[in-house]
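Enquirer: 3D, please:
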Amino acid sequence: TGGLESPLAAGGTARALALGGALAADDRALDALWTNPAALSQAARCEASFLGSQLYGGAAQFHAGAVLPTLDSGTFSLGLAHWGVGELDGRDGENRPTGGFSASSQEVLAGWGRRLGRGLSAGLALKLDHEKVASFSGTGFGMDLGFQGRVGRLSWGLSFRNALAAQMKLRFQEDRRPETLIGGGALPLRLGRAWTLTAFLQAEGSSRMGLRGRAAAEFERGPGALRLGWDGESPAKGAGLSLPAFSLDYALLLRSDLGASHRASVAVLWGSGLTARRNQRSRARERFLAEHIEKTRAARLGEHLASALAFEEKGDLASALREVDSAITWGGTGTEQVERRRLLALRLEESRYQAALARARDQFQAERTIEGLVSAQEALGLKPESVEARDLLSEGKRRFRDLDVARAVKQAQDKMASQGVPGLSPEEASRQARIKGLMDEAVGLYLAGKPREAAEGFKKVLELDPANEEAKKNLSKALQDVIELKKKGVRW
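Expert: Here you go, the predicted model:
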């Protein structure tokens, strides 16, 4: 059957006792092990407290607790409580003296609480209870569960004390802590500009002890506080002083049967708050990420610069320039790299100019006049101020002008005569002149940047002279240019 509640369950600080233990919805963590373990989740800094007092009849009581919040794993807490009386008069069943004896109760607690999101928190407290009366003792293990939440300004709390009840057997009698369901609320109110009033209401019930109500009020102004409480049987009052590094609390309990008793507790706080620690961790992660990015950037920069040097030594200036561009993309924007890129671009342009110029000379020498003209035009585009490229282009154009109809006819007649073929008829001479005219017109269109119209002209030449190799080559090149322009989105 359920027994009596432990004398250690009212709270671990004088503040809890002054408020009558009505702290199921309170958000301060130091009393959470004894009132509602869900409040552990509200801790922002490391805290430790100690309560000690000499009670009526030679009894003594103390509580000690520590709260250790973490960044990601919730808040952990440890507690130790002791109540004892040194000398009691023993009596037997017939009220005859049996000598003096002592009695004591100890409790070791370990708790954990965590925020679940949307203002909801949960927690649990594991308890190891030990009781001793005279030469008889017993030990039991128990557990409390708790939840807290908020609706607007109203905070609520729900605690199931002794959800797993500790059972202790003293000789022939078994003592079992009562399972108790506790619910409460807390509402802060502003009183003028300086004072804040927080009202606490709590109800609790168990099959053994029935229903019980508690109520309290806490008036706060700056670091100071005044408190009034009712634990369901007797009133209490107290005061407190809270500073950044420590707090002092006092409680006066007014028991009608045992008289007044005084309680005092002290708490210390240390370390940075959770918000500051999270910001510090965030900054550390940002520094780590920045260092990692910088190392990666430096490695990629070195790789691209080394590749650029290797390509440059092989004479592959285009690849070397691409690697330098990649190095600049990875942050190699210093004066040295920019200048290196400029020099490489100049060398590559000069290399392409010289190659186009040499190609034009070779093509003119091989009587591939149109191809020579294209190469000369490319060289002049790479270096507009080049006199040599301009002269080559002029020479190519002059060659086309010099190839008149008579020369074309004579060349055809000489060729046919060398093969033993009679001279050209007037009709054939006219056809040759027509071919030459169409060829010149098509070449002019190609040089004017009109490959589509030039292709039509070369087709007409091939209609008159299907074996004309020059027209075939020129048509192929013109059609290729048309395809390239279509890829670039050029429309006619």
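Enquirer: Now do Arg283: how many residues are near it, please.
Expert: 10 (other CB atoms under 10 Å). Placement of C-beta: from N, CA and C, glycine included.
Enquirer: ok so it is a helix residue?
Expert: Yes - judged by DSSP: H, G, I helix; E, B strand; the rest coil, Arg283 forms part of a helix.
Enquirer: where's the helix or strand hosting Ser265 relative to the chain centroid, distance-wise?
Expert: Of the helices and strands defined by DSSP states H and E, Ser265 is found in strand 259-270. Relative to the chain's own centre, strand 259-270 is displaced by 44 Å; criterion: CA atoms, centre = their mean, to the nearest Å.
Enquirer: buried set for that strand?
Expert: By 16 or more other CB atoms under 10 Å, the buried positions in strand 259-270 come out as 261, 263, 265, 267, 269.
Enquirer: One more: stretch 205-213?
Expert: Quick answer for stretch 205-213 (16+ other CB under 10 Å): 205-206, 212.
Enquirer: which of these lies closest to Ser430?
Expert: Gly205 (124.0 Å; CB to CB).
Enquirer: Can you report phi and psi for the residue nearest to that closest one when sequence neighbours are not counted?
Expert: Using CB to CB, 6 or more residues apart in numbering and skipping residues adjacent in sequence, the residue nearest Gly205 is Leu211, 4.5 Å away. Dihedral pair for Leu211: phi -90, psi 150, per degrees, to the nearest 10.
Enquirer: Leu211 and Thr180: what is the separation?
Expert: 10 Å (CB to CB, to the nearest Å).
Enquirer: Find residues that contact each of those two.
Expert: Counting by CB atoms under 8 Å, 6 or more residues apart in numbering, the shared contacts of Leu211 and Thr180 are 204-205.
Enquirer: Helices of this structure, start to end?
Expert: For the chain, applying DSSP state H gives helices covering 14-18, 274-314, 317-329, 335-365, 369-382, 387-402, 405-418, 426-447, 451-464, 469-487.
Enquirer: could you dump those helices to a markdown table with distance to Arg153 and mean pLDDT?
Expert: A markdown table is the format used below for the helices of the chain (distance: least, CB to CB, whole Å; pLDDT from 0 to 100):
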| stretch | distance to Arg153 | mean pLDDT |
| --- | --- | --- |
| helix 14-18 | 21 | 92 |
| helix 274-314 | 22 | 86 |
| helix 317-329 | 55 | 86 |
| helix 335-365 | 62 | 86 |
| helix 369-382 | 78 | 83 |
| helix 387-402 | 86 | 78 |
| helix 405-418 | 104 | 55 |
| helix 426-447 | 85 | 80 |
| helix 451-464 | 80 | 89 |
| helix 469-487 | 69 | 88 |
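Enquirer: Just name the most buried of those.
Expert: Of these, the one with the most neighbours on average (mean count of other CB atoms under 10 Å) is helix 14-18, at a mean of 30.
Enquirer: still on that earlier bit, who does the strand holding Ser265 touch, helix- and strand-wise?
Expert: On a contact count with 3 or more CB pairs under 8 Å, 6 or more residues apart in numbering; DSSP states H and E, strand 259-270 meets helix 14-18, strand 46-54, strand 246-255.
Enquirer: Mean pLDDT lowest where, among those?
Expert: When these are compared by mean pLDDT, strand 46-54 comes last with a mean of 86.
Enquirer: Show me which positions of it end up buried.
Expert: Neighbour-count burial for strand 46-54 [16+ other CB under 10 Å]: 46-51, 53.
Enquirer: Using PDB, list the CA coordinates for that strand.
Expert: Coordinates of each C-alpha in strand 46-54 appear next as PDB, following Å, rounded to 0.1, in the frame of the first residue of the first chain:
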ATOM      1  CA  CYS A  46      25.500  26.000 -14.700                       C
ATOM      2  CA  GLU A  47      24.100  26.300 -11.200                       C
ATOM      3  CA  ALA A  48      24.600  24.700  -7.700                       C
ATOM      4  CA  SER A  49      22.700  25.200  -4.500                       C
ATOM      5  CA  PHE A  50      22.800  24.300  -0.900                       C
ATOM      6  CA  LEU A  51      20.100  24.400   1.800                       C
ATOM      7  CA  GLY A  52      20.700  23.700   5.400                       C
ATOM      8  CA  SER A  53      18.700  24.100   8.600                       C
ATOM      9  CA  GLN A  54      18.400  23.000  12.200                       C
END
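Enquirer: What pairs with that strand, parallel or antiparallel?
Expert: strand 59-69 (antiparallel), strand 259-270 (antiparallel) (DSSP bridges).
Enquirer: Let me have those in TSV, extended by mean pLDDT.
Expert: Formatted as TSV, the strands paired with strand 46-54 follow (pLDDT from 0 to 100):
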stretch	mean pLDDT
strand 59-69	88
strand 259-270	88
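Enquirer: for those strands, which one sits closest to Glu367?
Expert: With CB to CB as the yardstick, what comes closest out of these is strand 59-69 (91.2 Å).
Enquirer: Contacts for the closest one next, please.
Expert: Contacts for strand 59-69 (CB under 8 Å, 6+ apart): 7-8, 11-13, 29-30, 32-34, 40, 43-55, 75-85, 109, 265, 274.
Enquirer: I'd like to know which of these are buried.
Expert: 8, 11-13, 29-30, 32-34, 40, 43-51, 53, 55, 75-77, 79-85, 109, 265.
Enquirer: How about the contacts made by the nearest residue to Glu312 once chain neighbours are set aside?
Expert: Leaving aside its sequence neighbours, Glu312 sits nearest to Ala320 (CB to CB, 6+ apart; 4.2 Å). If you count contacts by CB under 8 Å, 6+ apart, Ala320 has them with 308-309, 311-312, 344.
Enquirer: got the contact list for Arg277?
Expert: 71, 271 are the contacts of Arg277 under CB under 8 Å, 6+ apart.
Enquirer: Same question for Glu323.
Expert: Counting by CB under 8 Å, 6+ apart, Glu323 has contacts 304-305, 307-308, 311.
Enquirer: likewise Ser41?
Expert: Neighbours of Ser41 in contact, by CB under 8 Å, 6+ apart: 29, 74-75, 113-115, 121-123, 148.
Enquirer: at 7 Å what do you get?
Expert: Applying CB atoms under 7 Å, 6 or more residues apart in numbering, one finds that Ser41 lies in contact with 74-75, 113-115, 121, 123.
Enquirer: and if you look at Leu80?
Expert: Counted by CB under 7 Å, 6+ apart, Leu80 has contacts 64, 108.
Enquirer: now it: how far from Leu33?
Expert: From Leu80 to Leu33 the distance is 10 Å (CB to CB).
Enquirer: Alright, calling it a day.
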